[in-house]
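# Okay, here's the prediction I keep looking at, along with the sequence it came from:
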Amino acid sequence: MISFIVPAYNEDRLLGATLLALHEAGRALGEPYEVVVADDDSTDATVLVARQHEAVVVSVAHRQIAATRNAGARAAQGEWLVFVDADTIVDQAVVRATVQALRGGAAGGGAAVAFDGVVPFYARLLLPLLVWSFRSARLAAGCYLFCTREAFDAVGGFDERFFGAEELVISRALKRRGRFVVLRQAVLTSGRKLRTYSGLEVLRLMLGLALRGPKAIQQRQGMELWYGPRREDPQQRALSQD
């Protein structure tokens, strides 16, 4: 069985489309599958949306992505685990390639990434380089990562000491368990952070993390891009006014 595991915190606006796409991909494959939403203490209608889309809901209060993903994995029944962010659309081609990789003996992997809507020029410029770098280094982007249950358990799941970059940590750990592949097929993830944070703000955050070293991502402080108050996406605002 394939278990799609979706961590979510206040994602009622985007979650429905993510779950709908996962159901469409799962049904098209003809493989047994389930969708698990790990709700991390949402205060909006995230849980309602998840249940409306026939997802198993796991309720936690971690406010930490690694722990929330692990909670979803513990509740999942599948021997193949696919972690998908709540703002990410996955199509049939990606899931089919994922299954082929796992059936072919891969311990885990990721996929290429594209952003939805309009994002700043610097992001459009850097994205191909980032995709190439992740594929060359065999690292999964956080919005989509898959692995076998056996490999996941062997590495101890996502390292809960980290508040960010936990997908890079587990990618490295999974590579030690077997073949790790980054698919050429791309998932479509939200560019809202790039639209709501200026390039200068993103640069300042990244430089701060780099200067503070590995311990910087082992605490919530300084991780505003991931844990700060959510800013309104101008693209969503425009769509809601139409």
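That came in fine, so what should we check first? Numbering: from 1, shown residues only.

# pLDDT below threshold where in the protein?
For the chain, applying pLDDT under 70 flags the ranges 236-242.

# Quick check, central residue of it?
The residue lying closest to the centre of the chain (CA atoms, centre = their mean) is C143, at 2.4 Å.

# if you go through the chain in chain order, where are the helices?
Counting by DSSP state H, residue ranges of the helices within the chain are 15-29, 46-52, 65-75, 92-103, 121-137, 149-154, 166-175, 192-196, 199-212, 224-227, 234-241.

# Give the other helices and strands that the longest one contacts.
Helices and strands touching helix 121-137, by 3 or more CB pairs under 8 Å, 6 or more residues apart in numbering; DSSP states H and E, are strand 108-115, strand 180-189. Any C-beta I mention is one placed from the backbone N, CA and C, and that applies to glycine too.

# Need the winner for burial among these.
Of all the helices and strands packed on helix 121-137, strand 108-115 carries the top mean neighbour count, a mean of 23, counting by mean count of other CB atoms under 10 Å.

# now stretch 196-204, how far from the centre of its chain.
How far stretch 196-204 lies from its chain's middle: 21 Å, per CA atoms, centre = their mean, to the nearest Å.

# Can you mark which positions in that stretch are buried?
Buried residues in stretch 196-204, defined by neighbour count with 16 or more other CB atoms under 10 Å: T196, Y197, V202.

# same check, this time on stretch 30-50
Buried residues in stretch 30-50 (16+ other CB under 10 Å): 31, 33-40, 42, 46-47, 49-50.

# One more: stretch 134-153?
The neighbour-count check on stretch 134-153 (16+ other CB under 10 Å) flags 134-135, 138-149, 151-152 as buried.

# end to end, how far does it reach?
Counting by CA to CA, to the nearest Å, the length from the leading to the trailing residue of stretch 134-153 is 23 Å.

# starting at the chain centroid, how far to it?
10 Å.

# a markdown table for the helices and strands packed on helix 121-137, including distance to R230?
Putting the helices and strands packed on helix 121-137 into a markdown table (distance: least, CB to CB, whole Å) gives the following:
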| stretch | distance to R230 |
| --- | --- |
| strand 108-115 | 17 |
| strand 180-189 | 16 |
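
# And the ones you listed: which comes nearest L15?
Shortest separation from L15 across these is recorded for strand 180-189, at 13.3 Å, computed as CB to CB.

# which other residues reach that closest one?
Residues lying outside strand 180-189 but in contact with it, judged by CB atoms under 8 Å, 6 or more residues apart in numbering, are 84-85, 87-91, 93-94, 97-98, 101, 106-116, 131, 134-135, 138-141, 143-144, 171, 174.

# rerun at 6 Å
For strand 180-189, the surrounding residues in contact (CB atoms under 6 Å, 6 or more residues apart in numbering) are 88-90, 93-94, 97, 101, 106, 108-114, 116, 134-135, 138, 143-144, 174.

# which residues touch G164?
The contact partners of G164, taken as CB under 6 Å, 6+ apart, are I217, M223, W226.

# Among those, which one sits closest to P7?
W226 (11.7 Å).
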